[in-house]
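>>> Test case, fold it:
(one chain, ligands or ions: 2)
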Amino acid sequence: MADDDIVLGIDLGTTFSLVALVDESGPRVLTDENGEARMPSVIAVAPGGPDEQPRVTLGWEARNHAVENPHATVYSIKRLIGKGPADVEKELPFLAYAVRPGPRQTLVVDIDGRAYTPEEISSVILQALRERAERALGYAVRKAVITVPAYFDDAQRQATRTAGEAAGLEVLRIINEPTAAALAYGIGLRQDTGKAATPPRGHSPLPMMRCSDQEVGDGGDATGETVAVYDLGGGTFDVSIMRLEGGVFQVLSTAGDTHLGGDDFDREIIKLVAREVHEQFGVSIEAPATKQALRGFAEAVKVRLSQTESAELELDLGNDRKYRRTVTRDEFERLIDPFVTRTLELMDRALRDAHLTRDELSRLVLVGGSTRMPIVRRRVEEFFGRPPYTGLDPDQVVALGAAIQGAMLGNRRWDMLLLDVTPLSLGLETMGGAMGKLIMRNTTIPCRATEMFTTFIDGQTAIKLNVLQGERELARDCRSLGEFELRGIPPMPSGMPKVEVEFMIDANGILNVSAKEQRSGKRASIQIVPNHGLTRGEIDRITRDSISFAQQDIDAHRRIDLVNQVEFDINKTEQMLGKVGTLLEADERRRIETDIAALRQLAQESGDLDALHQALDRFGRSTLHLAEIGIREALISEQKKAME
Ligand code: ADP
Ligand code: MG
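Ligands and ions are numbered 1, 2, ... in the order given. Below is the predicted model:
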């Protein structure tokens with residue numbers, strides 16, 4: 001079987017490459033047997049026997065053995081493709097393998113006396129990606145769209161095309177990485193339903209491509225928009241400013257640094273560790289194998305600091321010597337701040353070259369693994385004055401966009417899911433595992449909803465927000481789209497902090513959830529593409545389930561609310577007893593204590609919700625007197641304080 005319509009989208013990256021495609025469930029990246037989407041753009045050549053061909057390995061295997069055989073491990077080939085001897089002087093010191101001039105002003109990689117062209121090496125990676133797709137689909141695929149940086153010249157683009165052809169691919173188009181990133185976010189794609197607010201039913205054909213050789217969206221609603229794409233990867237930084245005019249992306253300017261990226265951040269950690277190990281133990285880290293090991297270690301620390309506020313370092317130096325210390329995110333951010341500042345300076349330069357001011361930018365898209373770092377998001381947001389697009393996985397954005405371009409060229413029918421309504425409700429997990437909806441299904445986008453939340457425990461300084469999608473009443477029956485935490489709430493009695501949560505969906509269907517504690521001004525936010533990977537069929541099923549489970553769900557939700565209320569009331573009562581209990585008659589006190597135990601018991605036994613409701617009401621009445629005393633005492637002590 002074969003499907004002539006399938007077009008692969010391939011992100012052929014400097015450090016990692018990915019392949020994606022669009023099928024009935026929309027755009028998705030394909031993963032290897034370990035569920036990993038990224039394939040290291042690395043190949044290693046092991047010398048064969050006397051008459052054998054050399055054995056080639058690639059991807060993770062080649063990368064993991066890079067230290068053992070540096071001269072035969074080829075990485076960053078993208079830095080050489082389509083270039084001549086004159087262009088690469090500056091690159092050579094960064095490469096551990098041998099590069100020499102080839103015929104007709106080209107370059108070749110020399111491994112054990114055998115010459116490999118950059119096209120050949122790239123084609124090994126492309127072929128592996130094609131095979132991954134064929135395994136996933138179960139049939140042969142030939143067509144592909146491959147991405148390149150916006151600044152690639154004709155020779156580099158042509159060489160990339162040649163590499164694709166050598167991998168058995170028919171390269172329908174070479175497109176710019178920033179264009180792909182924009183397409184992945186739906187920028188430049190028509191909002192499917194026009195102004196009439198009816199979502200399309202079943203499959204909606206994608207519009208035909210334009211008959212020009214430029215990269216096209218399909219008309220779009222966004223004529224005259226300017227889009228900046230900020231791409232911070234492992235070794236390179238690129239910023240591109242594009243204008244979207246009549247559905248065509250035009251690159252206005254590019255800027256960047258071919259040696260600025262995640263590797264620099266790793267190096268800062270390595271430098272710190274090497275210096276301190278030397279100071280404390282007089283050991284200097286020199287051996288290449290140790291250095292390589294330290295690189296992996298440093299990268300892991302860096303990635304951890306994207307998630308947590310601090311990370312423990314521990315290195316065993318042998319002979320009972322242990323280097324130990326904690327690195328905080330603050331400290332790490334101070335180390336890398338100059339690099340981030342430099343990316344923003346380059347962004348300013350690109351804007352200047354495009355004759356635009358920051359305010360004239362309509363959208364900003366973040367791409368590349370290093371944009372997961374909180375400092376990058378924060379500084380970019382400050383620079384731009386509003387949140388950039390971060391909802392899709394920054395590693396995958398380019399491949400997804402290439403697949404979307406491919407689907408447009410292949411004129412494939414698929415569910416775009418770029419509806420102008422939200423197909424499913426969106427909300428938050430509330431205490432006890434209930435789903436609290438903020439935006440109901442079928443709401444027209446763009447839209448916005450806010451709600452106040454508070455803490456449940458006295459002195460609580462953080463709350464976790466779990467963003468949910470679905471129609472059911474319980475969080476566990478809904479899809480969790482992402483979680484984040486609001487920290488640094490000043491300690492207050494429960495119920496006092498006011499946390500305003502805002503859900504905002506923009507015209508591209510991107511959801512921004514932010515939480516702000518009003519007294520302290522502390523904020524946190526997350527961005528999500530809610531319909532990513534959802535099919536029409538799933539939406540229909542989720543909607544159907546919500547009807548068939550309705551009664552059961554409503555009961556479950558009501559039970560959660562009641563149990564929460566029980567806990568809250570019991571807590572308050574116990575606190576009050578602790579404070580002013582001695583002012584009660586012993587009888588009354590004992591009765592309240594018995595009531596608490598009984599109510600707790602009843603809440604645990606689930607059972608009859610109406611009975612629980614009534615018991616809660618009774619409890620409220622029977623503790624009224626205690627509450628009055630509590631209030632009175634509080635007032636008295638306040639007055640005393642005021643007098644002092
Ligand atoms: P490229 O485009 O250069 O091929 P990527 O976009 O895949 O590279 O980015 C790779 C870089 O992203 C690496 O330096 C990696 O350490 C970094 N990275 C990946 N995830 C995180 C994270 N959670 N926090 C910080 N850096 C990360
Ligand atoms: Mg990249």
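>>> can you list the residues of the protein near ligand 1?
13-16, 233-236, 261-263, 299, 302-303, 306, 368-370, 372-373, 395 (C-beta under 6 Å from any ligand atom). Every C-beta, even on glycine, is put in place using the N, C-alpha and C of the backbone.
>>> Number of residues surrounding A289?
The local packing of A289 (other C-beta atoms under 10 Å) involves 9 other residues.
>>> so who does L577 touch?
Going by C-beta atoms under 8 Å, 6 or more residues apart in numbering, L577 touches 589, 592-593, 626.
>>> Please identify which pair of those lies farthest apart.
By the measure C-beta to C-beta, E593 and L626 form the most distant pair in the contacts of L577, at 11.1 Å.
>>> Comparing the two, which shows the higher neighbour count?
The neighbour comparison of E593 against L626 (other C-beta under 10 Å) goes to L626, with 21 against 14.
>>> isn't there a helix covering that one?
Yes. Checked against DSSP: H, G, I helix; E, B strand; the rest coil, L626 lies within a helix.
>>> Could you list which residues are in contact with it?
Each residue near L626 by C-beta under 8 Å, 6+ apart is listed here: 573, 576-577, 580-581, 584, 588, 592.
>>> One more pass at 7 Å, please.
By C-beta atoms under 7 Å, 6 or more residues apart in numbering, L626 lies in contact with 573, 576, 584, 592.
>>> so which of the residues you listed would you say is closest to ligand 1?
Nearest to ligand 1 among these: T573, at 45.5 Å, using C-beta to the nearest ligand atom.
>>> Give me the pLDDT for that closest one.
Here the pLDDT value assigned to T573 is 89.
>>> Compute the distance between the closest residue to it other than its chain neighbours and T594, please.
Once flanking residues are discounted, T573 sits nearest to T623: 5.3 Å by C-beta to C-beta, 6 or more residues apart in numbering. Plainly put, T623 is 12 Å away from T594 if you go by C-beta to C-beta, to the nearest Å.
>>> who's more crowded, these two?
Set T623 next to T594 and count neighbours by other C-beta under 10 Å: T623 wins out with 22 against 10.
>>> That one reaches I592, doesn't it?
Yes. With contact defined as C-beta atoms under 7 Å, T623 counts as touching I592 (6.0 Å).
>>> Using the three-state scheme, assign the residue positioned nearest the centre of the chain.
A centroid search over the chain (C-alpha atoms, centre = their mean) returns D393, at 4.0 Å, as the residue closest to the centre. Three-state assignment for D393 (three-state DSSP): coil.
>>> now swap in P50 and tell me
coil.
>>> Can you give me every residue that contacts it?
P50 makes contact with no residue under the criterion C-beta under 7 Å, 6+ apart.
>>> that older thread, okay, and the common contacts of T623 and I592?
With C-beta under 7 Å, 6+ apart as the test, T623 and I592 both reach T573.
>>> Can you tell me which of the contacts of L577 lies closest to R63?
For the contacts of L577, the residue nearest R63 by C-beta to C-beta is E593; the value is 64.9 Å.
>>> Mind pulling up the pLDDT for that closest one?
So E593 comes in at 90 (pLDDT).
>>> so which helix or strand takes in it?
Counting by DSSP states H and E, the element that carries E593 is helix 586-604.
>>> Which positions in that helix come out as buried?
592, 595-596, 599, 602-603 (16 or more other C-beta atoms under 10 Å).
>>> Take those and write them to CSV, including distance to Y151.
Formatted as CSV, the buried residues of helix 586-604 follow (distance: C-beta to C-beta, whole Å):
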residue, distance to Y151
I592, 75
D595, 74
I596, 70
L599, 69
L602, 70
A603, 64
